[in-house]
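[1] No letters, just coordinates:
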C-alpha cells in the first residue's frame, strides 16, 4: 500500500520510481483511485472516470517493464484530460448538453502523444460550457467544481477541474486549454503550475469548442499542461510538442535548449505601474518580493517593457478572441463577435506589428 504523499510527488519522480520497480503502475493508479473515491464527490473536479481502461493500461506498463522494455517518460503516471479535449472511447462533452453522449472514436493528437509516452489516462475534468470566457467552472451537465483548499471558493476557469484535480492529488497532472488564461488562472487559484505554450507548438486538433469541432485547430487557443512542479511542465511540453499528424511528413517542432544557464545571465523586465491595469497592493507586494529574490540571485531586474500600450494589446486581444470563440457563442451575438474576414486579416496585421515590437 503506497503512502498518501506519493500522490503529490512530481510526475517525473513517479515515472522514475515505476521504471526502477520501486512500485508498480497498478499500485500508483490504485492510490489515485482511492483518493478520487474519497475526495472527488466534494470537489467535483473529475466528471468522467474510466478506471477499467486505466487499469488495463497500467497493467501493460507493468508487463512491458517486467520484460525490460523501454517505456516512455510518463511511464505509468495517472493523468486527467480537460473535458474540452477529445479522448477516444471516453465521454467528452466540453460541459455542453449538446455533447452529453459524445464519445470520440479517436484521441486528440496531444492525448495520443501522452499515451505513447506511457501516461495512464483516468478521466476527464470539469469545464464551463464550451469553455467560454469564464473565470468559474460550472455547467448544466456536471455542476460546479470547488476549490480543494476551501470548498466555498472558486477554482477559476476554464481549466478549473484540471487545476483542482492536480492540486488535490486526484491526478498527477492534466492537459488543459488556454486562450486568455484558462490554464493559468485556475493554477493561480489552486496553487498548481501551468504553461500556455507558444501558438503552434502543441497540436490542438480535437478541441471541442462547439458541435462538430475538433477537425481543425482554433486560432488563439493552445493546449497546455497543469502540474505540481516546473520540472513537470518541461517534461510534458517535451512530450506534447510536435506537428499535427497530417503535417508530420513535412515539418517538425524542435524546441531549442535555454540559451543561458544562470540567472545572472538574464535581463528581467517588470511592469507594475500601468494606468489601465492597476495591481492590487497585496499582490504587487508578492511580485516585488519575487523581483527582489531574482535580483539577489544575480539577475538584472528593472522596470521596463517594450514600446507598447497595454490598452492597445487588450483591445486587439478582445477582438481576436471574440472571433476565435464565436462558433460557441449564441446565435444572436455570433455574427457581431466574429466580424468579417477582412477585419480578421487587419487584426492579424496588428498582431504581427505588436510581435515585432516585443
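    Structure received. Here the structure is a predicted model, which is why all the values come from computation and not from measurement.
[2] helices or strands next to the host helix or strand of residue 291 in the packing?
    Per DSSP states H and E, residue 291 falls inside helix 281-296. Here helix 281-296 touches strand 267-270, strand 300-303, going by 3 or more Cβ pairs under 8 Å, 6 or more residues apart in numbering; DSSP states H and E. In short, each C-beta sits where N, CA and C put it, glycine included.
[3] Give me the contact list for that helix.
    263, 268, 270, 272, 279, 301 (Cβ atoms under 8 Å, 6 or more residues apart in numbering).
[4] before we move on, back to that, including mean neighbour count, distance to residue 214 and mean pLDDT, could the helices and strands packed on helix 281-296 go into JSON lines?
    Supplementary listing: these in JSON lines, determined by neighbours: other Cβ atoms under 10 Å; distance: least, Cβ to Cβ, whole Å; pLDDT from 0 to 100:
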{"stretch": "strand 267-270", "mean neighbour count": "12", "distance to residue 214": "38", "mean pLDDT": "96"}
{"stretch": "strand 300-303", "mean neighbour count": "14", "distance to residue 214": "43", "mean pLDDT": "97"}
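[5] Low-confidence ranges, the protein, go.
    133-134 (pLDDT under 70).
[6] counting contacts, what elements does the lengthiest helix in it pack onto?
    Scanning the chain for the helix with the most residues, using DSSP state H, yields helix 25-43. Helices and strands touching helix 25-43, as assessed by 3+ Cβ pairs under 8 Å, 6+ apart, comprise helix 11-19, strand 46-49, helix 51-66, strand 78-82, strand 120-125.
[7] Any buried residues in stretch 258-272, and which?
    residue 263 (16 or more other Cβ atoms under 10 Å).
[8] gap between the two ends of that stretch?
    This stretch, stretch 258-272, spans 26 Å end to end (Cα to Cα, to the nearest Å).
[9] Mind listing residues that contact that stretch?
    Residues contacting stretch 258-272 (Cβ under 8 Å, 6+ apart): 279, 284, 287-288, 291, 294, 297-305.
[10] ok, 10 Å please
    Outside stretch 258-272, the residues within contact range by Cβ atoms under 10 Å, 6 or more residues apart in numbering are 277-279, 283-284, 287-288, 290-291, 293-306, 308, 310.
[11] What is the neighbour count of residue 44?
    Using other Cβ atoms under 10 Å, residue 44 has 21 neighbouring residues.
[12] you'd agree it is up against residue 164?
    Yes - taking contacts as Cβ atoms under 10 Å, residue 44 lies within contact range of residue 164: 8.3 Å.
[13] From residue 173, how far out is residue 55?
    Separation of residue 55 from residue 173 (Cβ to Cβ, to the nearest Å) stands at 19 Å.
[14] Compare neighbour counts for the two and give me the winner.
    The neighbour count for residue 55 versus residue 173, taken as other Cβ under 10 Å, is higher for residue 173 (30 against 17).
[15] if I pick that one, what's in contact with it?
    Going by Cβ under 10 Å, 6+ apart, residue 173 touches 10-12, 14, 74, 77-80, 114, 119, 162, 165-166, 192-193, 225-229, 232-233, 235-236.
[16] re earlier: for my notes, please list the helices and strands packed on helix 25-43 in CSV and give distance to residue 322 for each entry.
    Below are the helices and strands packed on helix 25-43 laid out as CSV (distance: least, Cβ to Cβ, whole Å):
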stretch, distance to residue 322
helix 11-19, 36
strand 46-49, 28
helix 51-66, 38
strand 78-82, 22
strand 120-125, 26
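[17] and of these, who's closest to residue 180?
    For residue 180, the closest of the helices and strands packed on helix 25-43 is strand 78-82, at 15.2 Å, according to Cβ to Cβ.
[18] relative to strand 120-125, how tilted is the closest one?
    Put simply, strand 78-82 runs at 30 degrees to strand 120-125, going by axes from the mean of the first three to the mean of the last three Cα atoms, to 10 degrees.
[19] Quick one: name whatever helix or strand follows strand 78-82.
    helix 109-116.
[20] Report all helices and strands that that next one contacts.
    Contact analysis of helix 109-116 by 3 or more Cβ pairs under 10 Å, 6 or more residues apart in numbering; DSSP states H and E lists strand 78-82, strand 120-125, strand 173-178, strand 222-227, helix 230-240 as its packing neighbours.
[21] now do 6 Å
    helix 230-240 (3 or more Cβ pairs under 6 Å, 6 or more residues apart in numbering; DSSP states H and E).
[22] Give me the contacts around the helix it packs on.
    The contact list for helix 230-240, computed with Cβ atoms under 6 Å, 6 or more residues apart in numbering, reads 10-12, 110, 113, 117, 173, 193, 195, 202, 225, 227.
[23] Any idea how far that helix is from the middle of the chain?
    Taking Cα atoms, centre = their mean, to the nearest Å, one finds helix 230-240 lying 11 Å from the centre of the chain it belongs to.
[24] Kindly report the same for stretch 303-319.
    24 Å.
[25] Pull up the distance across it, start to finish.
    29 Å.
[26] Pull the residues that contact it.
    For stretch 303-319, contacts defined as Cβ under 6 Å, 6+ apart pick out 269-271, 274, 276-277, 347, 350, 357-358.
[27] re the thing from before, quick one: buried residues of the helix holding residue 291?
    Buried residues in helix 281-296, counting neighbours by 16+ other Cβ under 10 Å, are found at 291, 294.
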